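Asker: Predicted model, plus sequence, below.
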Amino acid sequence: MNWRSLLIGVFVLIGVWALLPIIAPSNEPIISSWSGGAGSSNSAPVIRGAAERQPAVDVSQANAAIDSYLGGLAAAGQWSGAALVAKQGTVLLAKGYGPADTPGVTPNTPETRFRLASITKQFTAMAVMQLVAQNRIELDGWACDYLADCPAAWSAITIRHLLTHTSGLPNFTDFGSYEPTMAQPTTPEALVARFRDEPLLSAPGSAYRYGNSGYVLLGYIVERVSRQSYGDYLHDHIFAPLGMNDSGYDLGNAGIAQGFAAPGVPCGVLNATTLFAAGGLYSSVRDLYRWDQTLYTPTLLPDDLRAQLFTPQVGSYGFGWMITQRGGQRTIEHPGLMSGAATHIARQPESGITVIVLSNLETANVDVITSQLISLAQSGGL
């Protein structure tokens, strides 16, 4: 082989190596090597993959486009709340729209506390996985191992089944008894009692059925294993360490934004204890961005266990997160909907895009809003 042939061969090998991420992309969750963490708002995460090849973000242009879109929705009475959009560790917009109270005197801001609805589930999943990391819960162990007087019908339900909505438990918020009692405070034990004697809808592990009962049971298990209340556990092991000072379990005294059924029309009363670990938390968009950025690091959970949160287990559901596609990119997200609140958080690790939408207008179409904000972040507002 002469030197020309050898040189050509080297160039071919280099070219193939460079194209590998494109012709054979990994399906595994991307975990950043960023060494930042809770409260590191001035540090940008280093996100492997496409984000490293993205051009610099034009913040002013993107901010103007996003603000124009959200401001138009607010003016039309289609949206009220707060949103945060970030790309590659740079916040493009963090702003509130509309009123946070009934008189309309207090405006929504990035620090306003909103009910999270089902975004709560990702925090419950994190609490469970932290206890898994401590060998206090076994991921594929029986749920009955952590419960007293466990019904015989639950004997084949595992912790993994509860995390992935495959336990077969009926959804207690679909019961006719839920709405008439949703304004009344309750306890985790009383919530579990609502569905403990109901027959399973399917054999554990055999079918995916999204619902709230499984996550209520997980929150109850977290309490029993940790010997702390659900709210205290999250405060001590997630919120306080990350500096999430506007986040917590909603016991009715946290100064949360007034929810609306329609512009200017207060929503029906819903006591968040009736949703417990399936939907009872509150937070702000600023705090959720701290949460988002921490999820690129091992601050709360080792890499191997954290990856499982974002890996589809059944269909598109991981542990407290849905793994989908938006704008042609893998998206890790979760919506939430309850009386007086419509919420969504979406993360695109490959491009470093984060969209957080918290609305105190229950009719706001946060799914469409999220898609549009992702598009504007991807295009830089063009």
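Answerer: Received the coordinates, thanks.
Asker: contacts and neighbour counts: CA atoms only from here.
Answerer: Noted.
Asker: pLDDT of the longest strand seen in the chain, averaged?
Answerer: Counting residues, the longest strand found in the chain (DSSP state E) is strand 329-338. For strand 329-338, mean pLDDT rounds to 97.
Asker: try stretch 162-173
Answerer: Averaged across stretch 162-173, pLDDT comes to 98.
Asker: just stretch 252-260 next, same as before
Answerer: pLDDT averaged over stretch 252-260 gives 94.
Asker: before we move on, the earlier item: ok, the longest strand of the chain: who's next to it in the sheet?
Answerer: Strand 329-338 pairs in its sheet with strand 322-326 (antiparallel), strand 341-348 (antiparallel), by DSSP bridges.
Asker: CA atoms of it as PDB?
Answerer: C-alpha atoms of strand 329-338 as PDB (Å, rounded to 0.1, in the frame of the first residue of the first chain):
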ATOM      1  CA  GLN A 329     -36.600  15.700  18.900                       C
ATOM      2  CA  ARG A 330     -36.900  13.300  21.800                       C
ATOM      3  CA  THR A 331     -38.800  15.100  24.600                       C
ATOM      4  CA  ILE A 332     -39.100  14.200  28.300                       C
ATOM      5  CA  GLU A 333     -42.300  15.800  29.500                       C
ATOM      6  CA  HIS A 334     -45.400  15.700  31.700                       C
ATOM      7  CA  PRO A 335     -48.600  17.600  31.700                       C
ATOM      8  CA  GLY A 336     -51.000  18.400  34.500                       C
ATOM      9  CA  LEU A 337     -54.600  19.400  34.800                       C
ATOM     10  CA  MET A 338     -56.800  20.100  37.800                       C
END
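Asker: Quick one: residues in contact with it.
Answerer: 116-119, 310, 320-325, 342-350, 362, 366-367 (CA atoms under 8 Å, 6 or more residues apart in numbering).
Asker: cool, and stretch 364-375?
Answerer: Stretch 364-375 has contacts (CA under 8 Å, 6+ apart) with 66, 78-80, 85, 326-327, 335, 342-346, 353-357, 359.
Asker: buried ones in that stretch?
Answerer: Neighbour counts over stretch 364-375 (16 or more other CA atoms under 10 Å) mark 364, 366, 367, 369, 370, 372, 373, 374, 375 as buried.
Asker: Output the residues you listed as JSON lines; include the columns secondary structure and distance to residue 210.
Answerer: Formatted as JSON lines, the buried residues of stretch 364-375 follow (DSSP: H, G, I helix; E, B strand; the rest coil; distance: CA to CA, whole Å):
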{"residue": "364", "secondary structure": "coil", "distance to residue 210": "22"}
{"residue": "366", "secondary structure": "helix", "distance to residue 210": "19"}
{"residue": "367", "secondary structure": "helix", "distance to residue 210": "17"}
{"residue": "369", "secondary structure": "helix", "distance to residue 210": "23"}
{"residue": "370", "secondary structure": "helix", "distance to residue 210": "21"}
{"residue": "372", "secondary structure": "helix", "distance to residue 210": "25"}
{"residue": "373", "secondary structure": "helix", "distance to residue 210": "26"}
{"residue": "374", "secondary structure": "helix", "distance to residue 210": "25"}
{"residue": "375", "secondary structure": "helix", "distance to residue 210": "28"}
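Asker: Please produce CSV containing the residues you listed, extended by pLDDT and distance to residue 131.
Answerer: Output for the buried residues of stretch 364-375, formatted as CSV (pLDDT from 0 to 100; distance: CA to CA, whole Å):
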residue, pLDDT, distance to residue 131
364, 98, 36
366, 98, 32
367, 98, 32
369, 98, 35
370, 98, 32
372, 97, 37
373, 97, 35
374, 96, 34
375, 95, 37
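Asker: Quick one: the helices in the stretch 201-350 of the chain, in order.
Answerer: Using DSSP state H, counting those that start in this stretch, the helices of the stretch 201-350 of the chain run over residues 213-226, 230-234, 240-242, 285-294, 303-309.
Asker: picking up where we left off before, need the buried residues of stretch 364-375 in CSV with distance to residue 294, can you?
Answerer: Shown next, in CSV, are the buried residues of stretch 364-375 (distance: CA to CA, whole Å):
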residue, distance to residue 294
364, 28
366, 24
367, 24
369, 24
370, 21
372, 25
373, 22
374, 20
375, 24
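Asker: which among those residues gets closest to residue 211?
Answerer: residue 367 (18.7 Å; CA to CA).
Asker: thinking again about what came up before, can you select the buried ones among the contacts of strand 329-338 for me in PyMOL?
Answerer: Entered in PyMOL, the line below selects the buried ones among the contacts of strand 329-338, by 16+ other CA under 10 Å:
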select buried, resi 116+117+118+119+310+320+321+322+323+324+342+343+344+345+346+347+348+349+350+362+366+367
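Asker: Quick check, residue 95 in contact with residue 82.
Answerer: Yes. Counting by CA atoms under 8 Å, residue 82 is a contact partner of residue 95 at 5.6 Å.
Asker: Next SSE downstream of the helix or strand bottoming out on mean pLDDT in the chain?
Answerer: Sorting the helices and strands of the chain by mean pLDDT, DSSP states H and E puts helix 3-23 at the bottom, at a mean of 33. Under the assignment DSSP states H and E, the closest C-terminal helix or strand after helix 3-23 is helix 59-75.
Asker: any idea of the mean pLDDT for the following helix or strand past that next one?
Answerer: Counting by DSSP H and E, the next helix or strand C-terminal to helix 59-75 is strand 81-87. Across strand 81-87, pLDDT averages out at 98.
Asker: mind listing what strand 81-87 pairs with, with the direction of each?
Answerer: The pairing partners recorded for strand 81-87 under DSSP bridges are strand 90-97 (antiparallel), strand 353-359 (antiparallel).
Asker: which other residues reach the first one?
Answerer: The contact list for strand 90-97 (CA under 8 Å, 6+ apart) reads 44, 57, 59-60, 62-63, 66-67, 70-71, 74, 79-86, 107-110, 285-286, 377.
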